[in-house]
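K.L.:
Fold the following.
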Amino acid sequence: MEIKVLGTGCPKCKTLEKMVRDVVQKNAINATVTKVEDIMEIMKYKVMTTPALVIDEKVVMKGKVPSDAELTILLKSSISF
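P.N.:
Reported below is the predicted structural model:
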């Protein structure tokens, strides 16, 4: 699974990146997590509000920081077997 956290470096974007990395580690999810800060790259996803979360090139959340439980459910439901 490829996970991208889109955000220019604001506190919410940094929080989401840390949360994603923590949930991936705690749940042993096989994923690559990258942070995308380049505004031109972010705009390719048609995202106008950050932070945003992209899983396997699909925008699954934007404009908020989810709870740990919401994020865990979102990531686990995106795992392909």
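K.L.:
Please make it C-alpha for all contacts and neighbour counts, starting now.
P.N.:
Will do.
K.L.:
what's the spatially most central residue of the chain in contact with, if anything?
P.N.:
In the chain, the centroid-proximal residue (C-alpha atoms, centre = their mean) is Leu53; its distance is 3.1 Å. With C-alpha atoms under 8 Å, 6 or more residues apart in numbering as the criterion, the residues that contact Leu53 are 3-6, 59-62.
K.L.:
any idea of the mean pLDDT in the longest helix seen in the chain?
P.N.:
In terms of residue count, the longest helix belonging to the chain (DSSP state H) is helix 11-26. Helix 11-26 shows a mean pLDDT of 96.
K.L.:
got the buried residues for that helix?
P.N.:
12-14, 16-17, 19-21, 23-24 (16 or more other C-alpha atoms under 10 Å).
K.L.:
before we move on, what about stretch 58-71?
P.N.:
59, 61-62, 65, 71.
K.L.:
Counting only helices, which of the residues you listed make the cut?
P.N.:
Leu71.
K.L.:
And the buried residues of stretch 58-71, which is closest to Met48?
P.N.:
Lys62 (8.5 Å; C-alpha to C-alpha).
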